[in-house]
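Enquirer: Could you look at this predicted model? Sequence included:
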Amino acid sequence: MNKPDTYITASIPYVNAAPHVGFALELVQADAYARHFRLLGRNVRFQCGTDDNSLKNVRSAEAAGLPVADFVSANADRFERLGTRLDISNDEFVRTSRDPRHLACVHALWNACADNGDLYRKAYEGLYCVGCEQFYEAAELVDGRCPEHGVPLEPVKEENWFFRLSPHGDRILQLIDSGELTIVPAHRRNEVLALLRRGLEDISVSRSAERARGWGVPVSDGDEVVYVWFDALANYLTGLGYGTDQTLFKRYWTGGGERIHVVGKGISKFHAIYWPAILLSAGLPPPSSISVHGYVTVDGRKIGKSAGNGIDPDSIIDAYGTPDALRYYLLRHIRSGDDGDFSGGRLEAAWTGELGGQLGNLANRVLALLASSFGGIVPPLQDSDFVQEAARLPGKIAEAFDAYELHVGLADIFAFIGEANRRFAKRVPWADAKALLGDLTPAERQATAERLGACLAEQVYGLAVVARCLLPFLPRSAAALHGRLGIEVPRVYEAPLVVDGLRTASNAVLFPRRVVA
């Protein structure tokens, strides 16, 4: 965990339709890690992008009656814009159809695998799902249909380039068993291990240009295009300049740091088996970590573009006037490695009851009393069990990130906020504030002021710790809370946290009510 350079990627989605809230889950998870690692003082590079060259994009463009390039560009714009609206802090956004580096990267990777003898020609036929962009064996089907999309598969018969996947299985097993390649959560690791131990078959890595309608990265010799998974996986190297200017590549991929992929469970096989094998063939280091999240569901059904149950994340951001309502729900109320159901009602309850009702209300009450009783200046902080518990909170958050349990980290934060509310109510500080306005002896006034000051100072300290711990999860709200407390947003967690004598503000709105049309 002490490696200075960290490369984090989100997977690149097909752009056959507008983004839905399921993709937002992956973006905010990957972004939380990027922000957390930066606050640990690491040199982080964070990349997102779009998978433009899939056959399903071609089919969707044809159905829409649009040129493929125009259709892909318009939808890719929406995915890139969603990242901006969600406050995703990526350093790079790769569009595989129009980034001039990508063609050079794919060809360089292809040639490296060819030089190793792992590419060969083969005639084959099989059952193909365009939605999954993969072939299935008959035993994998459910009632003769794709297990993921529930649709009939297309028979395909071609002669293409194949990649020798099978010789790399033992090495990938060794990488996973040794911990050189970690896969979390554990049940996803076990799924990958089961696939590896069952044995691997070589995979097709090209398709006819005719079937692809000429769309995609062309194979350098022949009338074919590179199969979408070889093409798409290469994007993780494109943004680092592999095959072009390799300065970033040498730092973030071969420089000895961490290489972390955040992906959905439906594509874990490609990232945990195909991708390491391709990299090993090319003489390159494999990823060091793959974090696998589940699906966002509605009434137990996976959200999907083709399923017709997609929820528009843009409309949610518009309704709440901030991305943090959606970020909070996805990171707190959906377990990081499992499926989780989305509900507008539960989102509203989380925003008003937890963010507004617990954290916002506590901040409002503390800062209002501080303003009226001490002119907004924080009295000296005294040690207490509450202050000590607050000081332990950042360690709990770090443990949650290490365990890929972001939902646990947020639960710990809000458990502490709940305790802060209970302690505040039990000490009845508003009674002391009212008493200070009445007739008291000098000794009584001093004792009352000290008691009230100690209560408010520890609450401000607790809020300051919470603000710092929320930075990876809710960057906008965390920054606003820092502002209300009069504290600068830190670049690293280790920045001194001093509240004595701070001048706070009490007039900013931390969690505004959602906009109702």
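Expert: In hand now; what should we look at?
Enquirer: Give me the contacts around stretch 243-259.
Expert: 3-7, 43, 45, 101, 104-109, 237, 239-242, 284-289 (Cβ atoms under 8 Å, 6 or more residues apart in numbering). All C-beta spots, glycine's among them, are computed from the backbone N, C-alpha and C.
Enquirer: Narrow the residues you listed to those in helices?
Expert: 101, 104-109, 237 (DSSP state H).
Enquirer: Which one (most neighbours) among those residues?
Expert: Using other Cβ atoms under 10 Å as the neighbour test, the ones in helices among the contacts of stretch 243-259 are led by Val106, with 28 neighbours.
Enquirer: just checking, that one touches Tyr236?
Expert: No - using Cβ atoms under 8 Å, Val106 and Tyr236 do not qualify as a contacting pair, with a distance of 11.7 Å.
Enquirer: re the thing from before, which one of the ones in helices among the contacts of stretch 243-259 sits closest to Ile413?
Expert: Set against Ile413, the nearest of the ones in helices among the contacts of stretch 243-259 by Cβ to Cβ is Leu237 (36.1 Å).
Enquirer: measure the closest one to Glu158 for me?
Expert: 27 Å (Cβ to Cβ, to the nearest Å).
Enquirer: Ok, Pro276 next?
Expert: 26 Å.
Enquirer: Between these two, point out the one with more neighbours.
Expert: Pro276 (23 against 16).
Enquirer: State the helix or strand in which that one lies.
Expert: Secondary structure from DSSP states H and E places Pro276 in helix 275-281.
Enquirer: now for that helix, which elements pack on it?
Expert: helix 100-115, strand 154-163, helix 169-178, helix 228-233 (3 or more Cβ pairs under 8 Å, 6 or more residues apart in numbering; DSSP states H and E).
Enquirer: Before we go further, Thr50 is sitting in a strand, right?
Expert: Yes - using DSSP: H, G, I helix; E, B strand; the rest coil, the assignment for Thr50 is a strand.
Enquirer: What strand or helix carries the closest residue to it other than its chain neighbours?
Expert: Computed as Cβ to Cβ, 6 or more residues apart in numbering, the closest residue to Thr50 that is not its neighbour in sequence is Ala76, at 4.4 Å. Using DSSP H and E, Ala76 falls within helix 68-85.
Enquirer: pLDDT of the helix or strand that that helix is followed by, averaged?
Expert: The helix or strand immediately downstream of helix 68-85 is strand 92-95, counting by DSSP H and E. In this model, strand 92-95 has an average pLDDT of 98.
Enquirer: ok, now stretch 73-87?
Expert: 97.
Enquirer: same check, this time on stretch 359-367
Expert: pLDDT averaged over stretch 359-367 gives 95.
Enquirer: Stretch 414-429 too?
Expert: Per-residue scores along stretch 414-429 average to 97.
Enquirer: Report the buried residues of it.
Expert: Burial within stretch 414-429, assessed by neighbour count using 16 or more other Cβ atoms under 10 Å, is assigned to 414, 416-417, 420-421, 423-424, 427, 429.
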